[in-house]
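*Asks:* what's the 3D shape of this:
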Amino acid sequence: MKHVMGILILSILLFLQTGCDSYSLVGMIEGSTPSPVPVLGVVPPEVPFIPVSLTLANPTMMRGASLDIFTSDGKPPYEVSVFAGEVVTGSGSLLGSISSNSYTNGGAIGKIIIRVTDSDGDMSGATVTVLPQKPTNVTVTYDVPSRKKIYIKWSYVYPGIISGFEIYSSTDFITWTPPINVNNTTFDYTTGDVPKNITYYFKIYAVSGEYRSPVVPLTVKTN
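*Replies:* Modelled structure (predicted):
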């Protein structure tokens, strides 16, 4: 009995000396590995709450295209909706729609707000800039009848949604002329007389208000 009491006292002293107040004395007395036990009055740390968020695969897109969206954190399930920001053309259904994890533009041009709401009512959002589609079937020639002028032609699917086109030119690809403005019902442009044996560079954009389409670059040599 004295032997057992001695071991018990020694174990308690060792326990107090090492500060292992979260371990079982029984395990130490029996010679086994100490096992952790809960400590009264100690509250486990809370997992930090992260608000709901929404991010876009790209901050810009072309009219009529689709864009991946990503929702996270907060408290699912989520509800994603579309709102007008600074829209130049289009409203209502033209603002677009949400399907699964994708936003599809319905035809509006400008800034579109995509907003997510979680089940607690917390919200987050992101803005995508929708640009006009660029001109298609673009050609540039220096040929008959005069062989003094450059001819540029193009097509546009929905000219009614844009205000027109801008054309820039350069001979060194560094310094560009001020824009030549062409209305939205004209799909060609002819320069004045130009010298021979010069390489000309052109950039053409579709324009809707302050928004320009991706550029269409052109090159032609007058020989």
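*Asks:* check which helix or strand the residue nearest the centre of the chain maps to.
*Replies:* What sits nearest the mean C-alpha location of the chain, by C-alpha atoms, centre = their mean, is N58, with 2.6 Å. When secondary structure is defined by DSSP states H and E, N58 falls outside every helix and strand.
*Asks:* and it, how far from P214?
*Replies:* For N58, the distance to P214 equals 12 Å [C-beta to C-beta, to the nearest Å]. Backbone N, C-alpha and C define where each C-beta goes, glycine included.
*Asks:* try T222
*Replies:* Distance of T222 to P214, computed by C-beta to C-beta: 27 Å.
*Asks:* so those two - more neighbours on which side?
*Replies:* It is T222, of T222 and P214, that has more neighbours when counted by other C-beta atoms under 10 Å, with 16 against 13.
*Asks:* my guess is the more buried one meets P195, correct?
*Replies:* Yes: using C-beta atoms under 8 Å, T222 is in contact with P195, at 6.6 Å.
*Asks:* can you map out the helices along this structure?
*Replies:* For the chain, the helices defined by DSSP state H occupy 2-18, 25-29.
*Asks:* ranking these by mean pLDDT, which is last?
*Replies:* When these are compared on mean pLDDT, helix 25-29 scores lowest, with a mean of 41.
*Asks:* mind listing what Q133 touches?
*Replies:* Applying C-beta atoms under 8 Å, 6 or more residues apart in numbering, we find Q133 in contact with M62, R63, G64, Y156, V157, Y158, A206, S213.
*Asks:* now, of these, which are buried?
*Replies:* Neighbour-count burial (16 or more other C-beta atoms under 10 Å) applied to the contacts of Q133 gives R63, G64, Y156, A206, S213.
*Asks:* okay, those residues in a markdown table with pLDDT and distance to Y103 next?
*Replies:* Output for the buried ones among the contacts of Q133, formatted as a markdown table (pLDDT from 0 to 100; distance: C-beta to C-beta, whole Å):
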| residue | pLDDT | distance to Y103 |
| --- | --- | --- |
| R63 | 93 | 13 |
| G64 | 92 | 12 |
| Y156 | 96 | 24 |
| A206 | 97 | 22 |
| S213 | 96 | 19 |
